[in-house]
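In: Sequence and computational prediction follow.
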Amino acid sequence: MHYQDALVEAIREAAAHLLAEDVGPSDITAQLIPESQWATARVITREPAILCGMAWVEEIYRRLDPSIQLRWSAADGDRLETNQCFLEIEGPARRLLTGERAALNLLQTLSATATRTRHYVDLLEGTGVRLLDTRKTLPGLRLAQKYAVTCGGGHNHRIGLYDAFLIKENHIAACGSIAAAVKEARSIASDLPVEVEVENFDELEQALQAKADIVMLDNFTLDDMREAVRRTAGRAMLEASGNVDETTLRQIAETGVDCISSGALTKDVKAIDLSMRISGLAGA
């Protein structure tokens with residue numbers, strides 16, 4: 001399945017799952033409100049953020065009631081300031097409130113991923129180094145968080161186990177050598193990129209001799225990264241991984257590697273503080 005088609009399907013599945021787990025048989029609290037009551041609600045952020053998750057919110061409310069109108073004043077990837085209203089929702093009050101938590105849960109999580117990513121990208125400004133995500137995503141939100149990373153200005157590593165080879169220590173042990181693992185990967189799918197994770201200079205040379213497309217430098221020191229760049233001399237793309245945070249990111253980039261991957265973009269995010277408030281009532 002093409003990535004865009006897979007993302008559309010993931011949005012539908014996420015919306016259905018979130019509503020099912022939250023609403024269950026019915027929203028009993030919403031039944032306190034007259035069925036004919038219409039309302040307008042405003043969604044604001046309590047802190048600076050990069051917005052992400054519009055399509056998920058739209059799908060959640062479409063499933064609840066197609067008559068609900070969403071008016072966005074910002075788009076995915078836009079910077080939001082504290083107390084900024086970026087969305088107005090109008091429709092049956094019951095449905096607005098039923099969808100509130102499911103919608104905000106997605107928005108606060110994906111916006112957090114996009115916000116963390118933009119912060120890291122800003123720290124890399126001027127280095128030319130690309131920031132990559134990993135497969136360390138929240139369960140069930142792989143494509144959603146991968147999308148959020150792109151909204152923050154980052155780039156996607158492989159999506160899953162099917163779209164690129166990443167040959168790690170255990171693969172090498174099971175295959176017998178780096179050369180054997182790379183050769184087998186080429187025979188399985190010659191059109192897919194082959195990456196080899198290395199832990200020392202001997203393994204680096206083996207990966208280069210095997211003509212790996214990408215070499216991941218796992219937990220190399222800064223000095224060793226610089227030496228790896230010198231030895232590689234453009235024969236493969238170099239990816240730095242391990243001990244990456246906002247205090248080390250710039251230093252790693254300045255060693256000359258091509259890209260840096262960080263699981264913190266997706267697995268350690270702190271949800272953005274968002275709030276929805278009814279701002280107007282009217283009869284249907």
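Out: Sure thing, it's come through. Residues are numbered from 1 along each chain as shown.
In: could you pull out the strands for the stretch 1-150 of the chain?
Out: Taking DSSP state E, counting those that start in this stretch to define them, one finds strands in the stretch 1-150 of the chain at 37-45, 49-50, 69-72, 79-80, 85-92, 130-132.
In: now do the stretch 151-284 of the chain
Out: So, for the stretch 151-284 of the chain - with DSSP E, counting those that start in this stretch - the strands run 165-167, 194-198, 214-218, 237-241, 259-261, 274-283.
In: so what does the third one touch, helix or strand wise?
Out: Using 3 or more CB pairs under 8 Å, 6 or more residues apart in numbering; DSSP states H and E as the contact test, the elements touching strand 214-218 are strand 194-198, helix 201-209, helix 222-232, strand 237-241. In this view, the C-beta of every residue, glycine as well, is placed from N, C-alpha and C.
In: pLDDT averaged over that strand - what is it?
Out: Averaged across strand 214-218, the pLDDT comes to 98.
In: any idea how far it is from the chain center?
Out: Distance, stretch centre to chain centre, for strand 214-218: 21 Å (CA atoms, centre = their mean, to the nearest Å).
In: partners of it, with directions?
Out: Strand 214-218 has these partner strands in its sheet, going by DSSP bridges: strand 194-198 (parallel), strand 237-241 (parallel).
In: what about the helices in the stretch 1-150 of the chain?
Out: 3-23, 54-64, 93-98, 100-123, 142-151 (DSSP state H, counting those that start in this stretch).
In: Tell me which residues are up against the third one.
Out: By CB atoms under 8 Å, 6 or more residues apart in numbering, the residues outside helix 93-98 that reach it are 23, 27, 29-31, 33, 35, 37-39, 41, 61, 64-65, 68, 89, 278, 281.
In: Just the buried residues of those residues.
Out: For these, a burial check counting by 16 or more other CB atoms under 10 Å picks out Val23, Asp27, Ala30, Ile33, Trp38, Ala39, Ala41, Tyr61, Leu64, Ile68, Ile89.
In: Which of the helices and strands in this structure ranks last by mean pLDDT?
Out: The helix or strand of the chain with the poorest confidence is strand 274-283; it has a mean of 87 (mean pLDDT, DSSP states H and E).
In: Include distance to Leu141 and mean pLDDT when you put the helices and strands packed on strand 214-218 into JSON lines, please.
Out: Converted to JSON lines, the helices and strands packed on strand 214-218 look like this (distance: least, CB to CB, whole Å; pLDDT from 0 to 100):
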{"stretch": "strand 194-198", "distance to Leu141": "24", "mean pLDDT": "98"}
{"stretch": "helix 201-209", "distance to Leu141": "32", "mean pLDDT": "98"}
{"stretch": "helix 222-232", "distance to Leu141": "31", "mean pLDDT": "98"}
{"stretch": "strand 237-241", "distance to Leu141": "21", "mean pLDDT": "98"}
